[in-house]
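Visitor: fold the following.
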Amino acid sequence: MTEQQSRTLHHLATAVGFLFLILWFYIGRRIGFLDWFVTLGPRSHAGAILTIGIMLMMLPAFLIWKYCNRWVEKRLKITGRFLEDEVYLKPENKADTQDTDKESRQKQADD
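Guide: Reported below is the predicted structural model:
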């Protein structure tokens, strides 16, 4: 499989995942989860409670989408950088990166 085909399949899989998120929201709203959740709090805070209800309702869907997307990327050998990778790097890897950055900044300053 060429890189272009792999990218196209990845875009299609991401689109399917996004449609899944839309469908999940629609189904959750249709079965009345949000209406039920809003009734749990006072009327004066209905907007805030609705926001929390949406977050709780969508949490499983976003986790499913994340893991399916990672599986597709692994299967199609799509490489990239995940934002959370920077947070969870081992300290020695961070130190190596920082040393490299310091060296390159020093070279730029000398030039």
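
Visitor: neighbours of residue 49, how many?
Guide: Per other CB atoms under 10 Å, the neighbour tally for residue 49 reads 18. C-beta here means a position set from N, CA and C on the backbone, and glycine is covered the same way.

Visitor: same deal with residue 34?
Guide: 18.

Visitor: now do stretch 41-51: distance from first to last residue.
Guide: Stretch 41-51 has an end-to-end distance of 12 Å (CA to CA, to the nearest Å).

Visitor: tell me the mean pLDDT over that stretch?
Guide: Averaged over stretch 41-51, pLDDT sits at 94.

Visitor: quick check: buried residues in that stretch?
Guide: Buried residues in stretch 41-51, defined by neighbour count with 16 or more other CB atoms under 10 Å: residue 49.

Visitor: just how off-centre is it within its chain?
Guide: 27 Å (CA atoms, centre = their mean, to the nearest Å).

Visitor: residue 57 touches residue 32, doesn't it?
Guide: No. Taking contacts as CB atoms under 8 Å, residue 57 lies outside contact range of residue 32: 11.1 Å.
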